[in-house]
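Novice: Here is a sequence together with a model predicted from it:
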Amino acid sequence: MFSSVSPSPNTNNDYSEPSFENRIKPRVLILGSGWAGFTLARRLNKDLFDVRVISPANHFLFTPLLPSTAVGTLEFRAIQEPVRTIKGLGNYYQAKARDINAEKRIVTCEDLYKGVKFDVAYDYLVIAAGMKSNTFNTHNIQRLEGVVVFFLKHLYHARQIRNRIVECFERASNYTLPAVQRDRLLTFIVVGGGPTSCEFMSELHDFITKDVKKWYPELTKHIKLVLVEAGPGILGSFDKALSEYYLQKLKEKNIDVRLNTAVAGVDERYIEGEQITVARFADGSEVNFGTMVWSAGLSPVKLISNTNFKLNRNRIVVDEYLRVPETKGRVYALGDCAASPDELPPTATVAEQQAMYLSDCFNNYYSAVDVTDKKNDDVEIPLPGNVTPYLMPFNALNFLNKIFCKAAPHFQYKNRGAMASMGFGGGVTDLKHTDLPSPKTTLSGKASYLVWSSTYLTKQLSLQNMILIPMYWFKALVFGRDISRF
């Protein structure tokens with residue numbers, strides 16, 4: 001027999017949980033609090049299921065707005081939602097899942113603070129652990145991460161970048177600093193040509209031209225912005241005309257865009273008696289830099305890479321119902337860490353739609369099976385009935401899904417289009433291949449920015465953030481961004 005959480009022998013047991021074997025509702029254990037995990041946890045019927053979440057991040061992050069926080073256009077807390085605000089949530093554990101025993105239906109976790117290991121039992125397991133940044137084993141990237149190299153996937157990454165940017169300008173403003181160091185500190189390299197990289201570069205340019213120019217006027221002539229992409233173009237998933245439009249706009253802003261250029265490594269050298277960080281590129285060129293933001297590629301977290309489940313391109317293989325094979329319908333994988341039969345891209349909209357589909361499966365079909373009865377321990381969970389796909393991007397329009405979509409038992413992904421901002425007043429929107437009942441067209445400039453900003457504002461999960469975000473936009477536009485470092 002085991003309890004819902006098996007504590008360390010030295011743990012004070014004044015706080016305890018009910019025995020797992022005495023549960024009255026099936027337990028759904030969700031690993032991760034991103035787009036897939038958080039959406040599923042919110043939508044599951046808590047009257048039917050005991051829903052629990054394990055994640056090192058105790059919040060959901062609205063990732064499309066993350067680049068804005070790295071330069072102060074938005075504040076960090078305006079784009080996150082605490083996990084514990086989910087109504088009816090059974091429990092949340094701030095920990096890392098380290099091992100999955102699918103046979104015993106137990107997940108071994110490691111506490112985020114003390115490293116204490118404990119077990120959590122489940123009836124259903126949903127793996128939505130996401131992925132981490134891929135360094136491709138590039139020389140010194142991992143070693144210098146958090147010093148001069150920064151990823152951009154989590155809130156703490158954005159905080160690090162923001163502090164580093166301000167630090168570079170404050171240090172460069174000291175008249176005693178040698179010229180070689182000043183030029184290095186004010187050179188910013190962004191690696192990757194996807195939406196996150198391009199949006200961050202646009203935000204950084206806005207910050208420099210509208211705020212740095214005001215507070216550090218003597219430094220503007222030393223600033224250099226470099227965007228590096230290993231492929232032949234940026235925004236590869238967008239319509240070619242939009243990608244070329246975005247590229248041209250970056251060049252008009254005097255941003256040095258280097259295509260077909262891979263980062264070969266980062267070196268630390270002494271030039272004129274000063275320690276300098278140098279980016280080496282595969283074409284043989286080099287650039288001294290003070291900050292590098294790395295947003296190129298994804299790799300699996302340890303839980304996924306160490307799992308016994310079948311993997312495809314470092315992602316857990318699932319069937320068309322998002323089930324992990326040979327688990328009798330007890331284990332599912334969603335989002336970036338899942339390899340579906342139709343090879344969907346690791347994007348937020350895919351993860352969100354998968355979570356919505358699976359929540360309907362649980363609420364409408366899987367709830368009919370009494371998995372708390374030991375007689376059903378080895379019973380294969382029946383496949384779900386028809387589920388209507390979620391085409392509409394807003395909950396208020398979900399009633400239209402049944403009109404424009406045909407229900408089916410398996411998961412159906414619907415293309416909602418793609419967007420990328422270009423700072424205040426600019427952006428690109430690709431609706432050429434969308435399944436939405438809209439013109440199959442593209443937008444750019446102010447029209448695209450209006451679509452981008454209104455879409456992401458209305459997709460916020462709390463009224464608080466719906467109020468805060470436009471307030472911060474107004475503040476940044478009228479009064480400028482905050483340049484404090486703390």
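Specialist: Perfect, I can see it now.
Novice: Run a quick neighbour tally on the closest residue in space to residue 24 that isn't next to it in sequence.
Specialist: If the residues on either side of it in the chain are set aside, residue 24 comes closest to residue 372, at 7.0 Å by C-beta to C-beta, 6 or more residues apart in numbering. Bear in mind the C-beta positions are built from the backbone N, C-alpha and C, glycine included. Residue 372 has 17 neighbours, counted by other C-beta atoms under 10 Å.
Novice: Per-residue pLDDT of residue 372, please?
Specialist: In this prediction, residue 372 carries a pLDDT score of 93.
Novice: Please list all residues in contact with it.
Specialist: 23, 24, 25, 26, 123 (C-beta atoms under 8 Å, 6 or more residues apart in numbering).
Novice: And it, how far from residue 22?
Specialist: 9 Å (C-beta to C-beta, to the nearest Å).
Novice: ok, now residue 429?
Specialist: Distance from residue 429 to residue 22, by C-beta to C-beta: 53 Å.
Novice: Looking at the two, which has the bigger crowd around it?
Specialist: Between residue 429 and residue 22, residue 429 has the larger neighbour count (other C-beta under 10 Å), namely 26 against 9.
Novice: helix or strand right after the lowest-mean-pLDDT helix or strand in the chain?
Specialist: Here the helix or strand of the chain ranked lowest by mean pLDDT, DSSP states H and E is strand 5-6, holding a mean of 52. The C-terminal neighbour of strand 5-6 among helices and strands, as given by DSSP states H and E, is strand 27-31.
Novice: List the contacts of the closest residue to residue 145 other than its chain neighbours.
Specialist: Among residues not flanking residue 145 along the chain, residue 151 sits closest, at 6.7 Å (C-beta to C-beta, 6+ apart). Taking C-beta under 8 Å, 6+ apart, we find residue 151 in contact with 132, 133, 145, 157, 293, 294, 295.
Novice: count of neighbours near the third one?
Specialist: In other words, residue 145. Close neighbours of residue 145, defined as other C-beta under 10 Å, add up to 17.
Novice: That one and residue 55, how far apart?
Specialist: For residue 145, the distance to residue 55 - C-beta to C-beta - is 21 Å.
Novice: again with the first one
Specialist: Counting by C-beta to C-beta, the gap from residue 132 to residue 55 is 14 Å.
Novice: Counting neighbours, go ahead and name the busier of the two.
Specialist: More neighbours surround residue 55 than the other of residue 132 and residue 55, with 26 against 17 (other C-beta under 10 Å).
Novice: about what we covered before: columns distance to residue 397, neighbour count and pLDDT on top of the contacts of residue 372, output as JSON lines?
Specialist: Below are those laid out as JSON lines (distance: C-beta to C-beta, whole Å; neighbours: other C-beta atoms under 10 Å; pLDDT from 0 to 100):
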{"residue": "23", "distance to residue 397": "37", "neighbour count": "16", "pLDDT": "90"}
{"residue": "24", "distance to residue 397": "36", "neighbour count": "7", "pLDDT": "92"}
{"residue": "25", "distance to residue 397": "31", "neighbour count": "17", "pLDDT": "95"}
{"residue": "26", "distance to residue 397": "31", "neighbour count": "19", "pLDDT": "97"}
{"residue": "123", "distance to residue 397": "33", "neighbour count": "22", "pLDDT": "97"}
